[in-house]
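Chemist: pasting the sequence and the predicted coordinates here, then a few questions.
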Amino acid sequence: MTKSAPETTVPDTHTENSAIEASGFPTGRFVVFLVLLGCLYSPAFFLDPFYRLPQFNRFLALALFALSVDLIWGYTGLLSLGQGLYFGIGGYFIAYSLKLQKAALDAGNPAFGRYDWGPDMAMTDYMFQGQLNEVPLLIRPLINIYTAGFLAVLVPTLVATFFGWIVFRSGIKGVYFSLVTQALVFAVFTIISTQRSYTGGVDGQPGLANLELFEFEFKNYFHLNLVIVTILCFFALLSFFLIQSKFGKILTAIRDNEFRVTALGYDTAMYKAFVFAFAGLMAGVAGALSVCATKSAGPQFFSIEESITVVIFVAVGGRGTLIGPILGALLVSVGQDRINSEFTQAWPIILGCLFIAVVVFLPDGIVGGLTRAAKWFNRPALDPEPTPT
Amino acid sequence: MGFQSKTVPETIIEVQEVTVDFGGFKAINELNFSIERGELRVVIGPNGAGKTTLLDVITGKTRPTHGRVVFQPDSRPAIDVSDYSAEQIACLGIGRKFQTPNVFKSLSVLENLSLSLKSPRSVFWSLFCRDSADSRARLQEVLDIIGLGSKAHQNAGTLAHGEKQWLELGMLMAQDPELLLVDEPVAGMTPRESERTGELLLAMARKHTLLVIDHDMTFVRQIASKVTVLHEGRLLSQGTIREVQENPKVIEVYLGHHKVAKRPATTPQHAGVNVLVAKI
Ligand SMILES: Nc1ncnc2c1ncn2[C@@H]1O[C@H](COP(=O)(O)OP(=O)(O)OP(=O)(O)O)[C@@H](O)[C@H]1O
Ligand SMILES: [Mg+2]
């Protein structure tokens, strides 16, 4: 961190060389980022542990979801209006697991352990009502939380990879891309909400068991909070390094001018498919965490509204920044909660107005606006600074 | 393949009977055209002559309606470019500077150059690589040549028009392809800047094959050995700059434009035409 002499007039080769070296890693920004992430651990210590804390846990899961959308929209310029698909898939795997566990616990059959499965395992309430004779074969193994957790990560990633590969290979871009993503999530929404005896239909899967991992039951929302914040921080840091790498620069380049990237010899479809798959993975994890936090899952995960709301989180917080989507998700969700408790119907209208206001007045969101304000305040102060050694 | 390098074929790119038809309008019409390895070729022609379209065809952005383009990389078998995607063609060694500056505006100058550096293009590599000492030295060298060293960390979007042109040339240098296609490198530059650009292109021509498109005859005079004139998608004339300027067909094509363009305040491109006519 040696500050070189002010290089205003004649830039000789030596100072420029040091400029290239210094370009490696933005240590300052990284430290700020770490501190801000660290702050996410603090609300758990003063929030009401039975009502506010589980809510906050859900907002954190939504923050992770928003972060995934930011990678593809904010950084790469791919506006997906169907990320709820990956969130929902991840969430439903965990929901099946916890629902079957709940049924097994309620049935209290001593021959069955918590994770045992077979033809005569306990059915869930919606399976009874749907007059199924037994738990469908493919759903049975999901009672094991490790299997379900693994699939909650793997399946969204695979679906996103497959979908991204096809869409990007065939050169679908811009509005068409947004429409295709939306059509897909809508199709899945229709299936989930009509196949009641297999999915719980429009009621979804409420009343889930507590998450239990390695014989440790998360009865206490405080412990769950630690897990969720840690996972969020892990993915935020991973995203930070991703964005800093050459890969991240190529994503930004694709957003700026995709054709130019092709002319440099990069296969942009591969890059887009990769980041889309990674975002799918993150969304899947976010869905899984959200289900653990609220102990319920529902077809609204796959609703178009859900997918658009998360885009609004990113727009409000600041697209193309990593703190922005986290901040946006937390602020808008808290706002939604407050407003919903006062006037139940008003929220969609307010959300729409908020979106328009952000697009018009703060096109780069809260974080972008703050950055600009900081620059504006710093400029006159920095210039006359004599830079003593 | 290694055996072939002894007998490097002379022609690096050959455009054979190429027609590009945009819904009835032939931007390029049965064009035959080739460039030898190591040559610096200038292509001129009035607006709409099909010059940019020719580059689009060579780089795989536009597919020819008829005909084919054969590219002969050094020490590799010749290829028909229409069998390859645009990014594969770029990897095989054809680089391009676009007519309008086409830089990544939210990346810094240095990042723009670093993405262009000759290096593997795979996702895996981009995730885990770091720029080696060699490539950093190369970046520094390019920065010095294009004179943007003091703006290395500035966003490319904030550069002046001329600086963006230079940055794009720098990206070409970093990319280091065998064949460089340069579309109007001095558009919007002052005479002083355009002279420096000419020197730069001449320097690049020592190691590469260049195809340069331009209107500005002072500039063409500075760099050209051989000039090709396109008009309405056809090859009108080809030869040294003197031969081309004395060709009655060329004079007519340019004079026709000249009469229209003489009186009003001239755009840079028309100014180029005026210069040509003045020199004739
Ligand atoms: N995609 C396209 N669709 C239809 N017409 C096109 C297309 N691209 C180019 N043209 C037309 O083809 C003709 C040749 O265009 P081109 O850009 O190659 O000209 P140019 O020689 O580069 O001219 P300039 O000096 O203005 O750059 C023009 O009349 C243009 O309008
Ligand atoms: Mg052109």
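Modeler: Perfect, I can see it now. Ligands and ions are numbered 1, 2, ... in the order given.

Chemist: helix, strand or coil: sort out residue B:186 for me.
Modeler: Three-state call for residue B:186 (DSSP: H, G, I helix; E, B strand; the rest coil): coil.

Chemist: and stretch A:342-354, what's buried?
Modeler: Neighbour counts using 16 or more other CB atoms under 10 Å in any protein chain shown place A:347, A:351, A:354 of stretch A:342-354 among the buried residues. Where you see a C-beta, it was placed from the backbone N, CA and C, and this is true even at glycine.

Chemist: do the same with stretch B:186-197
Modeler: B:186-187, B:189, B:193-194, B:196-197.

Chemist: also stretch A:38-57?
Modeler: The neighbour-count check on stretch A:38-57 (16+ other CB under 10 Å) flags A:40, A:43-44, A:47, A:52-57 as buried.

Chemist: tell me if residue B:70 really is in a helix.
Modeler: No - secondary structure of residue B:70 (three-state DSSP): strand, not part of a helix.

Chemist: which strand residues bridge it?
Modeler: With DSSP bridges as the criterion, residue B:70 is bridged to residue B:14, residue B:80.

Chemist: so it sits against residue B:17, correct?
Modeler: No - counting by CB atoms under 8 Å, residue B:70 does not reach residue B:17; the two are 11.5 Å apart.

Chemist: looking at these two, which one has more neighbours?
Modeler: Under the neighbour definition other CB atoms under 10 Å in any protein chain shown, residue B:70 and residue B:17 were set side by side, and residue B:70 has more, 16 against 12.

Chemist: quick one: contacts for the more buried one?
Modeler: B:13-14, B:16, B:78-81 (CB atoms under 8 Å, 6 or more residues apart in numbering or on different chains).

Chemist: and those, which two are the farthest apart?
Modeler: B:16 and B:79 (13.2 Å; CB to CB).

Chemist: need the longest helix for chain A.
Modeler: helix A:268-294 (DSSP state H).

Chemist: what packs against it?
Modeler: Packing contacts for helix A:268-294, counted by 3 or more CB pairs under 8 Å, 6 or more residues apart in numbering or on different chains; DSSP states H and E, involve helix A:52-69, helix A:84-107, helix A:145-169, helix A:221-244, helix A:246-263, helix B:123-128.

Chemist: any buried residues in that helix, and which?
Modeler: For helix A:268-294, by 16+ other CB under 10 Å, it's A:268-294.

Chemist: and if you look at stretch B:161-181?
Modeler: Those would be B:162-181, for stretch B:161-181 by 16+ other CB under 10 Å.

Chemist: can you tell me how far the closest residue to chain A within the stretch 151-280 of chain B sits from residue A:129?
Modeler: Closest to chain A within the stretch 151-280 of chain B is residue B:152: 5.3 Å, counting by CB to the nearest CB. As judged by CB to CB, to the nearest Å, residue B:152 and residue A:129 stand 67 Å apart.

Chemist: give me the more crowded residue out of these two.
Modeler: Using other CB under 10 Å as the criterion, residue B:152 and residue A:129 rank with residue B:152 on top: 21 against 14.

Chemist: can you classify the residue lying closest to the more buried one once chain neighbours are set aside by secondary structure?
Modeler: Sequence neighbours aside, residue B:110 is the residue nearest to residue B:152 in space, at 4.4 Å (criterion: CB to CB, 6 or more residues apart in numbering or on different chains). Following three-state DSSP, residue B:110 is assigned to helix.
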